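>>> Following is a predicted model, sequence given first.
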Amino acid sequence: AQKITQTQPGMFVQEKEAVTLDCTYDTSDPSYGLFWYKQPSSGEMIFLIYQGSYDQQNATEGRYSLNFQKARKSANLVISASQLGDSAMYFCAMRDINTGNQFYFGTGTSLTVIP
Amino acid sequence: DTEVTQTPKHLVMGMTNKKSLKCEQHMGHRAMYWYKQKAKKPPELMFVYSYEKLSINESVPSRFSPECPNSSLLNLHLHALQPEDSALYLCASSQESAQGGYYGYTFGSGTRLTVV
């Protein structure tokens, strides 16, 4: 069964606008971690933001914030004030005890920022 | 040092060649991983080393042979590869997860492998 679902294969956003990338997850474990990574065309996977299942507040890191809705099992990434350098693939990932501490990746969303 | 270093960055090899990919980290992470990634797809787990012992092998063909000489180094030995093995090979490391909190992976920049 798919543990992480990203339903947006491709997204476009105007420079300086905000964009939301969707991620839903599936786990029966009450303890888990959710992550977002950015992968530019150069290939490196860059860690953006983390949300723990017990965290009371939504995570934020600079222009990145995570809209965590636990009951809906969603962990959407919000990028504010988009920049041309934000054009990349974005992967949502989850780690929980049931998976033996492995990462499950979603299929990714390709974001293109338009000048 | 908060990096995972992978060498080489690019590799072209023939189907009869033997080559090795290298990965190094000095963050004290005790879990290290090899992933294979095709274009526009998520990374696929190949191998996991935990405390220098192979803990997971995701049914990877024997033409890929991992090695963990010490806690900082991870190698992937390649032999008799096929053109379909051409991909980006990513190494990652992490701390072991603790109850109530999880550590992410730190990835290297990858080796782009082309098999001709």
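Thanks, I have it. Values in this document were obtained by computation on a predicted structure and should not be read as measured data. Numbering: from 1, shown residues only, chains lettered A, B, ... in the order given.
>>> Would you state the strands of chain B in chain order?
Here chain B has its strands, by DSSP state E, at B:4-7, B:10-13, B:18-25, B:31-37, B:44-50, B:53-57, B:64-70, B:73-79, B:87-94, B:106-107, B:111-115.
>>> Can you tell me which residue of chain A sits closest to chain B?
As assessed by CB to the nearest CB, chain B sits closest to residue A:33 within chain A, at 2.9 Å. In this view, the C-beta of every residue, glycine as well, is placed from N, C-alpha and C.
>>> Look at that residue and tell me its secondary structure.
strand (DSSP: H, G, I helix; E, B strand; the rest coil).
>>> I'd like to know how many residues surround it.
Other residues lying near residue A:33 total 22 when counted by other CB atoms under 10 Å in any protein chain shown.
>>> Give me the contact list for stretch A:48-56.
With CB atoms under 8 Å, 6 or more residues apart in numbering or on different chains as the test, stretch A:48-56 has contacts from A:30-38, A:58-61, A:64-66, A:68, A:70, A:75, A:77, A:90, B:100-102, B:104.
>>> and the residues you listed, which are buried?
In these, burial by neighbour count holds for A:31-38, A:59, A:64-66, A:68, A:75, A:77, A:90, B:102, B:104, counting by 16 or more other CB atoms under 10 Å in any protein chain shown.
>>> export the strands of chain B to JSON lines and tack on mean pLDDT, distance to chain A and mean neighbour count?
Putting the strands of chain B into JSON lines (pLDDT from 0 to 100; distance: least, CB to the nearest CB, whole Å; neighbours: other CB atoms under 10 Å in any protein chain shown) gives the following:
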{"stretch": "strand B:4-7", "mean pLDDT": "96", "distance to chain A": "9", "mean neighbour count": "19"}
{"stretch": "strand B:10-13", "mean pLDDT": "96", "distance to chain A": "10", "mean neighbour count": "14"}
{"stretch": "strand B:18-25", "mean pLDDT": "97", "distance to chain A": "13", "mean neighbour count": "19"}
{"stretch": "strand B:31-37", "mean pLDDT": "95", "distance to chain A": "7", "mean neighbour count": "23"}
{"stretch": "strand B:44-50", "mean pLDDT": "93", "distance to chain A": "6", "mean neighbour count": "19"}
{"stretch": "strand B:53-57", "mean pLDDT": "87", "distance to chain A": "7", "mean neighbour count": "12"}
{"stretch": "strand B:64-70", "mean pLDDT": "96", "distance to chain A": "16", "mean neighbour count": "15"}
{"stretch": "strand B:73-79", "mean pLDDT": "97", "distance to chain A": "16", "mean neighbour count": "19"}
{"stretch": "strand B:87-94", "mean pLDDT": "95", "distance to chain A": "5", "mean neighbour count": "24"}
{"stretch": "strand B:106-107", "mean pLDDT": "94", "distance to chain A": "4", "mean neighbour count": "22"}
{"stretch": "strand B:111-115", "mean pLDDT": "97", "distance to chain A": "7", "mean neighbour count": "19"}
